[in-house]
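**Student:** Following is a predicted model, sequence given first.
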Amino acid sequence: MPSVIFHFATMEINLQVGPDIRDITDELNRIIGRSGIENGQATACIVGSTGSLTTIEFEPGVVQDLKEAINRMAPKDISYAHELAWHDGNGHSHVQAALLGPSIALAIRKGRLRLGTWQQVVAINHDNRARRRFIEVTLTGI
């Protein structure tokens, strides 16, 4: 019986004012390739309360649609209680990120993420300023 492998990595990406959406699929697959894991699970978590991870078809139309949907869910031009305490203009950023969530779990099969043909993993910055984001990746498998 093969031994279970645990592999840990940190990705670092620069994102512009939000919502800025970046495809991170290739980098995740490179990390999986270095791990030696053929079958298992990848989990990833973006560090910070104004970032999120999800999957989409990463093409300009869907990216634009997602940005518009995010802004409709929690628009920046309404009042947020967060602003009463911090006055930093990013109450919407926290709400947007919380609605999408900071983490994702995906299957690894044959040494790669098991995704649909038109499915990519994306990181999103919701903040009202550009941010350097860290994504913690944990792989488990054989």
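**Tutor:** Sure thing, it's come through. Numbers count the residues shown, from 1 in each chain.
**Student:** C-alpha from now on. contacts and neighbour counts both.
**Tutor:** OK.
**Student:** Give me the phi and psi for the spatially most central residue of the chain.
**Tutor:** In the chain, the centroid-proximal residue (C-alpha atoms, centre = their mean) is L53; its distance is 2.2 Å. With angles defined as degrees, to the nearest 10, L53 sits at phi -130, psi 140.
**Student:** now it: how far from R133?
**Tutor:** 11 Å (C-alpha to C-alpha, to the nearest Å).
**Student:** Name the nearest residue to the residue nearest to the centre of the chain, ignoring sequence neighbours.
**Tutor:** A123 (4.7 Å; C-alpha to C-alpha, 6 or more residues apart in numbering).
**Student:** and the one you found, bridged to which residues?
**Tutor:** R22, L53 (DSSP bridges).
**Student:** contacting residues for it?
**Tutor:** By C-alpha atoms under 8 Å, 6 or more residues apart in numbering, the residues touching A123 are I21, R22, D23, I24, I46, G51, S52, L53, T54.
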